[in-house]
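Visitor: next one to model:
(chains A and B)
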Amino acid sequence: MALQSLDIKQRSATTTPSTQVRETIEIAKLIDVSACIGCKACQVACSEWNDIRDEVGNCHGVYDNPMDLTAKSWTVMRFTEVEQNNKLEWLIRKDGCMHCSDPGCLKACPAPGAIIQYSNGIVDFHQENCIGCGYCVTGCPFNVPRISKEDSKAYKCSLCSDRVAVNQAPACAKACPTGAIQFGSKEDMKDYAAKRVTDLKERGYEQAGLYDPQGVGGTHVMYVLHHADKPDLYAGLPANPSISPLVSLWKGFAKPLATLALAGVALGSLFHYVTKGPNEVSKEIEDEIEAEDKEGAK
Amino acid sequence: MIRDPKDLKRYEPRERANHWVVGISFILLALSGLAFFHPAFYPLTQLFGGPTWARIIHPYLGVLMAVSFLGLYLRFKHLNKMTPADKEWLSKAQNMIDGNDHDMPEQGKYNGGQKVMFWAMAICMLLMTVSGIFIWRAWFGLPVELVRLGAVVHAAAGAVMIGLIMVHVYAAIWVKGTIRAMWYGTVTRGWAKQHHRGWYRQVTGK
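Guide: Next comes the predicted model:
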């Protein structure tokens, strides 16, 4: 939900600038995958704070529950078993909206104000303006937004924009018992991540690193990964996410050009009529037909 | 308008009705589609009972247009085969546009320009229908790569189609005595002799 207390930096389907005067600090949530124990307290806290109860599903024989993000489950833990360095590793990644600096959902959305980006970096859906077209799903490089089957509106993690607006950490960060979810300014989170990465490297994870993909301008949800060279290991986290070139073509310069071209056809037709005049049946042919009729009447 | 019993019949009532169904559905689709094409056109959603209704209705109108256009296509495709005379007509189209139609080659029921329009519309309709299915989330949940491709093709083919229809409508306004063919199905003998002499000879035997 859009909040008056946070400054709006970008607004979907809006061609004029949003508020630019005040610069607020960028915030970020840092998920330290190496410190996560998979307890799902974050999932429960998300459900509690946002007051949304997903349907109780079935056990699929794996730890993932629910199996995927839904309109009512804005964050899920994804469990992956992999072998790295001849050891079994259990990778647990808390999935959800990454709050991109260059959000594909916002770029694709045709409804003015249905998706907004606050100057602190949070990308929020404003369901009141959502028309349910699903273009946000088309635009997202992380496959995050979900369309509700009940109301056809799009839903996803709001990074607890309502809590952040009153200087509170997101509910998931507040609930995490191991400190695997940290929240603060993006700069502070990067510093914290650097320390964690150093620690992991000392412990033998030489490829440890921060996941803050630059293809989407960086994100406001970042991960510390033990295998930052292989993000794909973590339930298919994309290595180099970016807005699809098809989406950029669809929503980029082509449309204003096409609009101008159509206006050109309309005006061109008008001025053709005005300068060349209508194409009428010639006097000659009318006379011929008249002569035929006279001939026939005789 | 007083109709002369000697006027020539160009369209049957069922052909005119079919054309109007396509025309009405096209206009509604263009208005609702433009609303999602660019924010500048978003207020057009108000014509459909608001933006969410526009989103819901648009694809169903698309189904209506696809089916009704298929009717037009099957009725008229045999009349739209390209001939050498059409190619000659097209090579001289500039003279026609400049307002000088005296030395244009003799044309049958449709001239080369109309035939190009027919086939361009058929291709656009096919692209619109297939890509429209790709992006119709209420009924189809296709892989996101296909949806992305569908969105681009739908927007591009839609823009081309709106341009083509503008030309189609303007041509009917420009060439006097044409629009009545769409209303009553008849044209004057003079109109036929000037613009479609081959067809004129065929139907009058002159």
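
Visitor: what helix or strand is the most centrally placed residue in chain A on?
Guide: Closest residue to the average C-alpha location of chain A: residue A:105 at 3.6 Å, with Cα atoms, centre = their mean. With secondary structure defined by DSSP states H and E, residue A:105 is part of helix A:104-108.

Visitor: residues in the stretch 51-200 of chain A within reach of chain B, list them.
Guide: A:108, A:110-112, A:131-135, A:137-138, A:143, A:147, A:152 (Cβ under 8 Å from any Cβ of the partner chain). C-beta coordinates here come from the backbone N, C-alpha and C atoms, glycine included.

Visitor: so residue A:78 sits in a helix?
Guide: No - using DSSP: H, G, I helix; E, B strand; the rest coil, the secondary structure at residue A:78 is strand, not a helix.

Visitor: OK, contacts around it?
Guide: A:64, A:92, A:93, A:94, A:95, A:234, A:235 (Cβ atoms under 8 Å, 6 or more residues apart in numbering or on different chains).

Visitor: could you measure from the residue nearest to residue A:81 when sequence neighbours are not counted over to residue A:24?
Guide: Counting by Cβ to Cβ, 6 or more residues apart in numbering or on different chains, residue A:81 lies nearest to residue A:90, which is 5.8 Å off, once chain neighbours are set aside. According to Cβ to Cβ, to the nearest Å, residue A:90 stands 38 Å off from residue A:24.

Visitor: could you do residue A:10 as well?
Guide: 14 Å.

Visitor: check what pLDDT residue 136 gets.
Guide: Looking at chain A here, since you left the chain open. Per-residue pLDDT puts residue A:136 at 97.

Visitor: think we crossed wires, I meant chain B
Guide: Looking at residue B:136, the pLDDT reads 97.

Visitor: how about the one 3 residues further on?
Guide: The pLDDT attached to residue B:139 in the predicted structure is 94.

Visitor: that's a strand at it, yeah?
Guide: No - Residue B:139 is assigned coil when assessed by three-state DSSP, not a strand.

Visitor: closest to the centroid, which residue in chain B?
Guide: Note: chain B centre (Cα atoms, centre = their mean) maps to residue B:165, 5.5 Å.

Visitor: what ranges does chain A have for its strands?
Guide: Using DSSP state E, the strands of chain A run over residues A:8-11, A:27-32, A:76-84, A:87-95, A:115-118, A:123-125, A:146-147, A:154-155, A:181-185, A:209-211, A:221-225.

Visitor: packing partners of the fifth one?
Guide: Translated: strand A:115-118. strand A:8-11, helix A:104-108, strand A:123-125 (3 or more Cβ pairs under 8 Å, 6 or more residues apart in numbering or on different chains; DSSP states H and E).

Visitor: and the two most separated of the contacts of residue A:78?
Guide: The most widely separated members of the contacts of residue A:78, counting by Cβ to Cβ, are A:64 and A:234 (12.9 Å).

Visitor: where does the prediction get shaky in chain B?
Guide: B:1-2 (pLDDT under 70).

Visitor: for the residue lying farthest from the centre of it, give its distance to residue A:276.
Guide: The outermost residue of chain B relative to its centre, with distances by Cα atoms, centre = their mean, is residue B:143 at 31.8 Å. Residue B:143 is 50 Å from residue A:276, where distance means Cβ to Cβ.

Visitor: same deal with residue A:154?
Guide: Applying Cβ to Cβ to residue A:154 and residue A:276 gives a distance of 50 Å.

Visitor: one more: residue B:137?
Guide: According to Cβ to Cβ, residue B:137 and residue A:276 sit 46 Å apart.

Visitor: the two: who's more crowded?
Guide: residue B:137 (19 against 13; other Cβ atoms under 10 Å in any protein chain shown).

Visitor: can you tell me which residues contact the more buried one?
Guide: Residue B:137 touches A:133, A:134, A:137, A:147, B:147, counting by Cβ under 8 Å, 6+ apart.

Visitor: give me that answer again for 6 Å
Guide: The contact partners of residue B:137, taken as Cβ atoms under 6 Å, 6 or more residues apart in numbering or on different chains, are residue A:134.

Visitor: how about residue A:150, what does it touch?
Guide: Contacts of residue A:150 by Cβ under 6 Å, 6+ apart: none found.

Visitor: roughly how far does it sit from residue A:72?
Guide: Taken as Cβ to Cβ, the span from residue A:150 to residue A:72 is 9 Å.

Visitor: contacts for the host helix or strand of residue B:194 next, please.
Guide: Secondary structure from DSSP H and E places residue B:194 in helix B:189-195. Applying Cβ under 6 Å, 6+ apart, the contact partners of helix B:189-195 are A:281, A:285, A:286, A:289, B:8, B:177, B:200.

Visitor: can you show me the CA trace of it as CSV?
Guide: The C-alpha trace of helix B:189-195 is given here as CSV (Å, rounded to 0.1, in the frame of the first residue of the first chain):
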residue,chain,number,x,y,z
ARG,B,189,-22.4,2.8,-62.2
GLY,B,190,-20.2,5.8,-62.6
TRP,B,191,-18.2,4.9,-59.4
ALA,B,192,-17.7,1.4,-60.6
LYS,B,193,-16.7,2.4,-64.1
GLN,B,194,-14.1,4.9,-62.8
HIS,B,195,-12.6,2.9,-60.0
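
Visitor: show the pLDDT at the residue nearest to residue B:170 when sequence neighbours are not counted.
Guide: Distances taken as Cβ to Cβ, 6+ apart place residue A:269 nearest to residue B:170, at 3.9 Å, with adjacent residues excluded. Note on residue A:269: pLDDT of 96.

Visitor: which residues are in contact with stretch A:176-188?
Guide: By Cβ under 6 Å, 6+ apart, stretch A:176-188 touches A:25-32, A:35-37, A:42, A:169-170, A:172-173, A:192.

Visitor: return a ChimeraX selection command for the buried portion of these.
Guide: Buried members of the contacts of stretch A:176-188, defined by 16 or more other Cβ atoms under 10 Å in any protein chain shown, are picked up in ChimeraX with:
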select /A:26,27,28,29,30,31,32,35,36,42,169,170,172,173,192
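
Visitor: up against chain A, what does chain B have?
Guide: B:36, B:38-39, B:51-52, B:55, B:99, B:137, B:147-149, B:151-152, B:155, B:159, B:162-163, B:166, B:170, B:174-176, B:189-191, B:193-194 (Cβ under 6 Å from any Cβ of the partner chain).

Visitor: narrow those to those that are buried.
Guide: The buried subset of the residues of chain B next to chain A (16+ other Cβ under 10 Å) comprises B:36, B:38-39, B:51-52, B:55, B:137, B:147-149, B:151-152, B:155, B:159, B:162-163, B:166, B:170, B:174-175, B:189-191, B:193-194.

Visitor: show me where chain A has its helices.
Guide: Assigned by DSSP state H, the helices in chain A fall at A:41-50, A:104-108, A:135-139, A:161-164, A:171-175, A:186-202, A:245-251, A:254-276, A:283-297.

Visitor: what's the answer for chain B, then?
Guide: B:13-37, B:51-76, B:84-91, B:93-97, B:112-134, B:144-174, B:179-183, B:189-195, B:197-204.

Visitor: of all those, which one is nearest residue A:200?
Guide: Of these, the one closest to residue A:200 (Cβ to Cβ) turns out to be helix B:144-174, at 32.9 Å.

Visitor: and the closest one, how far out from the chain's middle?
Guide: Centroid separation for helix B:144-174 versus its chain: 11 Å, with Cα atoms, centre = their mean, to the nearest Å.

Visitor: stretch A:103-112 too?
Guide: 8 Å.

Visitor: one step back: out of the helices and strands packed on strand A:115-118, which gets the lowest mean score?
Guide: strand A:8-11 - the lowest mean pLDDT of the helices and strands packed on strand A:115-118, at a mean of 93.
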